[in-house]
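>>> have a look at this prediction, sequence included:
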There are 2 protein chains.
Amino acid sequence: MRGRGQTGNTKYVKQMNREGILFQLKQKQMSRADLAKETELSRPCVSALVDEMINEGLICEVGIGASKGGRKPMLLEYNTQAFGVVGAVFEGSTIRMALADLKGELLAQYEATLPQPTSGEMAIKGLEIGLEQLLTQTHYDKSRLLGMGVGLPGVTQKRSGTISYSPSTGWMGLPVQQEIEARLGLPVTIDNDVNMMTLGEYYQGAGKEMSTLVNMYVGTGIGAGIIINGQFYRGSHEASGEIGYMMVGPSNNPRPGDYGVFESNYAVPAIYARASQLLPSIQEGVSIVEQLVVHAQQGTEGVQELLDELYRKWAYGIANIISVLDPELLILSGEMLYIKEQGVQTIREWLSNWVPVVPVIRLASLGDQAGIAGAVHSVLESFPNKSATI
Amino acid sequence: MRGRGQTGNTKYVKQMNREGILFQLKQKQMSRADLAKETELSRPCVSALVDEMINEGLICEVGIGASKGGRKPMLLEYNTQAFGVVGAVFEGSTIRMALADLKGELLAQYEATLPQPTSGEMAIKGLEIGLEQLLTQTHYDKSRLLGMGVGLPGVTQKRSGTISYSPSTGWMGLPVQQEIEARLGLPVTIDNDVNMMTLGEYYQGAGKEMSTLVNMYVGTGIGAGIIINGQFYRGSHEASGEIGYMMVGPSNNPRPGDYGVFESNYAVPAIYARASQLLPSIQEGVSIVEQLVVHAQQGTEGVQELLDELYRKWAYGIANIISVLDPELLILSGEMLYIKEQGVQTIREWLSNWVPVVPVIRLASLGDQAGIAGAVHSVLESFPNKSATI
DNA sequence: TTAAGTTAGTTAAAATAACTAACAAAGTAT
DNA sequence: ATACTTTGTTAGTTATTTTAACTAACTTAA
C-alpha cells in the first residue's frame, strides 16, 4: 500500500508507468495505441517506455494486427520467456518443484521424497538437487531465474523469512529464507502452504478476476488466506486467517499453544476420530471426507448425520468470515473439496438465512497444483515491482 | 489503495510530495530543513512546495526556532484555520453538529431535537439550521467549508451516497448524499454511525498511532468498523464489520433480513429482556450494562451470571475477529464501555487461552464525541488528497 | 483509381518537477 | 576574530511527460 505521507519522484512515476504497461500486456496482446488508451499515458510516452522494455527483452513485437480502419497495429506481447522462476512446496515427506515462465506457466516439474525424519540440511539439499534438475531439463541458466518461492506447512514469518514451527521439513525457528538464498544463490520467498495455495487460486484458479477473496482450507488444521483489494493481507503479527482459532464448536479442551477450538473440532484429526467409530474400515491416504461421502450414499448408519454437522459447522465458520470481511469470493479447499457442488449449494442456502450478503462461493479449482502455482506467483508478483504484499 | 496497473505523471508526484509535507506538519511544527530530512526531498524542492502552500494559505510561518549550531530555522505550521469542516450525527431523535478546523478541533457545537417521527425533509432542514448557527457562531463563511460529514444509524452505502435503512431520520433507500449536497451547497460524505465512531477513535482517540484496528460496537445491534493499514475497509458490498451476523450464541430464531444471530442474543434488546427478569426495576435512558454492573456489585441474584455470559460471548466474537484479521488494536465501544478496565482484563485473559496472538485491547476513549469527531475526519481525510478509503 | 477519412506510430518542442551545486545569511564554538 | 554548522535560496541541470504536428499505412466509397 502507498503509505501515508510518502513522497516520490520522477523515477517512481516511470517505474509505475512501466508497470502499468506491463500489467496491461500481462492480460493480453496489445498495440502501443491500445496501451496509450488503457493506461491513459500519451502515445509518445508509451512508445518510449515500450522501446526501452523491448531492448531489455521484457516485451516483444509479435506481429501485425487487423486494421480498425487505418494503419495496422504492431502487436506487443509480454515476453514471458525473458526470465524464469522456481516454485517449491513441501507436502508431508515430498518436495514438489517446478520451473515456470513469467506468465506462471510451468515448463518443467520435479518431485522427490525426503527420508523421514528430515533435517533442515536435507531439505535444502533436496531443493538444490531439484533446482539443478529443472535447469538442465529446461536449458535455463540460473542467472535467468528471478527467484524461488517456497511453500511450507507450519507457521512462517514472511516478512523476516523465518519459520517458527514446521516439523515435516526439520526447520524450526530458523531464518530459512536467508539460508536457502545463501545456498542456492537465488532470491527466496517463503510462506506457508495455505497462503501459497491462496495465491495460486488468486492468480490462476478460482479467484482469477476477483480482487477480494478468502481461501478457506481444511486439512490437519483449519486456516485461511486473505486477499484484500489484490493484496495479500497478513495481519499485524502475520496471524491473519488463523481461523482454526475461531470459537466454533465445543471448547472443552483447547490448551494454549495448541490447536484452536474450531480446528480441534472440525479438522481432519477430529473427523478421523469420529469417523473411525462409524465406518467399518478407513483407508489410509484417501481423503476422510471423501470416504464419509461414499458411506453416506451407501447408507452407513450415522454418517450422514456426521457430515451434516461438519457442513453446518464449517458454514458457521464461513458465516463468521463473511460477517467480518464481506469478501467478493470465498474459495473452499482441502478436505472441503469433497463436499462437491451439491454440498456447496447446501451451505449457500444456509448462509442466505444467516448473513445479509452471501459472496460467490467456489471450490478451489487447481487441485494439488495450487500450492506450486502460488509459490511461482509469490516470486512473480514482486516483479518488476517491489513489495506487492501489505 | 494504489491499484494494480495504475499510471502516474509528474503532477501526481507533486501532489504526493505536497501531501507528504502536509502529513509531517500535521504531526508537529517543523522547519523546511526538518521537512527535507523527514520526507527525503531536496531542500529546494521542499522550499518551493512550502512557498506554494504558504501562498495558498495552507501553511504558516510561525516564528524562529532554536539554533542547532547554525542559522536559526523558520518554523512552519499547518494552518488549521485555513478551512473548516462540519460534522453531523443523528442519534435517536437528536442531531448533533460541530464545526471544526483542519486539525479536527471543534470550534463550535450545536444540538437539536427532531420531532418524531421525522421525515427526510425535516432532517435536512435540521442540518440547514444547524449549519447556519455554526457559521454565525464562528464567523466562518460557507465558502471556507470543505464539506460536511454526516453519520447516521442504519445501513449506508458510502460509495453511492445512499441509505437503505434508517428509520430515525426518515430516510429510506434515498440518494441522501446528493440531496443534502444540493440543499446545503456543500460536498457531503455520509456513513453509518459506527463507521464514523471508528474514524473518530482512529484519528483522535484510542486508535491514534495505530494503523490496523477494529472497533467493536454493542448497541441496539452489534457492528464493527475496520481500518486496515490506515484505510477504512468497507468490504465488497459495503457489508464488512457486520459482526452482528456471526454465529455466536443460540441460533433458534434468526430470520432472513432480520437481526443476526450474535446481536439477537447479545445486543441491548436481548440483554434488556433478560435483565428485566432479574432486576427489580430498570431505569430508562441509562446503559443497561451499567445497571447490571451496579446490581452485580450489590449481589442481586443471577446478575453476575448474566454478565459473565455476556462477557464470555462478546469475547467469543472478539476471538473470531482476531482469528480472521489479526488487528493491531481492538477498540470496545458502546455498551461495552461499562465493563470497565477490569472487564477488559478478564476478556484479555480468556483470549490468551483461545488465540495465538492477542492484540492491544482498549475501551473507546472519546465517549459520545467519537461520532462527531469521525464525521469531521471523514471530510478531512480526503483533504487535500482525493479518496482515502478503499 | 482516386480522394477522403481514420488509425498507428514518430518526432520535436514545451512544460513540469525533481535534483545538484554553489552560496549567502546567521548562528555557534574556540 | 576565525572556523565551522545549519538554514534557506539561487542558478542551472536532468529526467520525464505532454502537446502538437507529422509521416505512414490502411479502409471506404464514389
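Yep, that arrived.
>>> in which helix or strand would I find the closest residue to A:Gln29 other than its chain neighbours?
Closest residue to A:Gln29 apart from its sequence neighbours, by CB to CB, 6 or more residues apart in numbering or on different chains: A:Leu75 at 4.7 Å. C-beta coordinates here come from the backbone N, C-alpha and C atoms, glycine included. Counting by DSSP states H and E, the element that carries A:Leu75 is strand A:74-78.
>>> just checking, A:Val360 touches A:Ile322?
No. A:Val360 lies out of contact with A:Ile322 (CB atoms under 8 Å); the separation is 11.2 Å.
>>> residues of the stretch 101-250 of chain A that sit close to chain B?
Within the stretch 101-250 of chain A, the positions lying close to chain B (CB under 8 Å from any CB of the partner chain) are A:212, A:224, A:226, A:228-231, A:233-248.
>>> minimum distance to chain B, which residue of the stretch 251-390 of chain A gives it?
Using CB to the nearest CB, the closest approach of the stretch 251-390 of chain A to chain B is made by A:Asp326 at 2.7 Å.
>>> which stretches in the stretch 251-390 of chain A count as helices?
With DSSP state H, counting those that start in this stretch, the ranges of helices along the stretch 251-390 of chain A come out as A:261-266, A:268-275, A:288-298, A:303-325, A:340-354, A:370-380.
>>> still on that earlier bit, give me the subset of the residues of the stretch 101-250 of chain A next to chain B that also touch DNA strand C.
When CB under 7 Å from any atom of the strand is applied, no member of those is adjacent to DNA strand C.
>>> returning to that earlier point: so for the residue of the stretch 251-390 of chain A closest to chain B, what's the nearest residue that isn't a sequence neighbour?
B:Gly235 (2.7 Å).
>>> pairing partners for the helix or strand following the strand holding A:Leu75, with directions?
As assigned by DSSP H and E, the chain's next helix or strand after strand A:74-78 is strand A:84-91. Paired strands of strand A:84-91, with direction, are strand A:94-101 (antiparallel), strand A:145-152 (parallel) (DSSP bridges).
>>> quick one: average pLDDT of strand A:84-91?
Average pLDDT, strand A:84-91: 95.
>>> how far is that strand from where the chain is centred?
Relative to its chain's centre, strand A:84-91 lies at 12 Å (CA atoms, centre = their mean, to the nearest Å).
>>> now the closest residue to DNA strand D within the stretch 151-300 of chain A: closest residue in space that isn't a chain neighbour?
Closest contact between the stretch 151-300 of chain A and DNA strand D, by CB to the nearest atom of the strand, is at A:Gly230 (22.0 Å). Spatial nearest neighbour of A:Gly230, chain neighbours left out: A:Ser211 (4.7 Å); criterion: CB to CB, 6+ apart.
>>> likewise A:Glu242?
B:Ser323 is the one closest to A:Glu242 (CB to CB, 6+ apart), at 5.3 Å.
>>> my read: that neighbour touches A:Ile243, true?
Yes. Using CB under 8 Å, B:Ser323 is in contact with A:Ile243, at 5.1 Å.
>>> thinking again about what came up before, where do the contact lists of A:Val360 and A:Ile322 overlap?
Common contacts of A:Val360 and A:Ile322 (CB atoms under 8 Å, 6 or more residues apart in numbering or on different chains): A:Leu330.
>>> who's more crowded, those two?
The neighbour comparison of A:Val360 against A:Ile322 (other CB atoms under 10 Å in any protein chain shown) goes to A:Ile322, with 28 against 15.
>>> what sits against the more buried one?
A:Leu330, A:Leu351, A:Val355, A:Val357, A:Val358, A:Pro359, B:Tyr245.
>>> in CSV, list the residues you listed along with pLDDT and neighbour count.
As requested, the contacts of A:Ile322 are exported to CSV (pLDDT from 0 to 100; neighbours: other CB atoms under 10 Å in any protein chain shown):
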residue, pLDDT, neighbour count
A:Leu330, 98, 24
A:Leu351, 96, 20
A:Val355, 92, 26
A:Val357, 93, 18
A:Val358, 97, 19
A:Pro359, 98, 25
B:Tyr245, 95, 27
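>>> so of these, which ones are in strands?
Among the contacts of A:Ile322, DSSP state E puts A:Leu330 in strands.
>>> follow-up on the earlier one: surely the residue of the stretch 151-300 of chain A closest to DNA strand D and A:Glu209 touch.
No. Taking CB under 8 Å as the definition, A:Gly230 is not a contact partner of A:Glu209, at 11.0 Å.
>>> more neighbours: which of those two?
Taking neighbours as other CB under 10 Å, A:Gly230 and A:Glu209 compare with A:Gly230 leading, 17 against 8.
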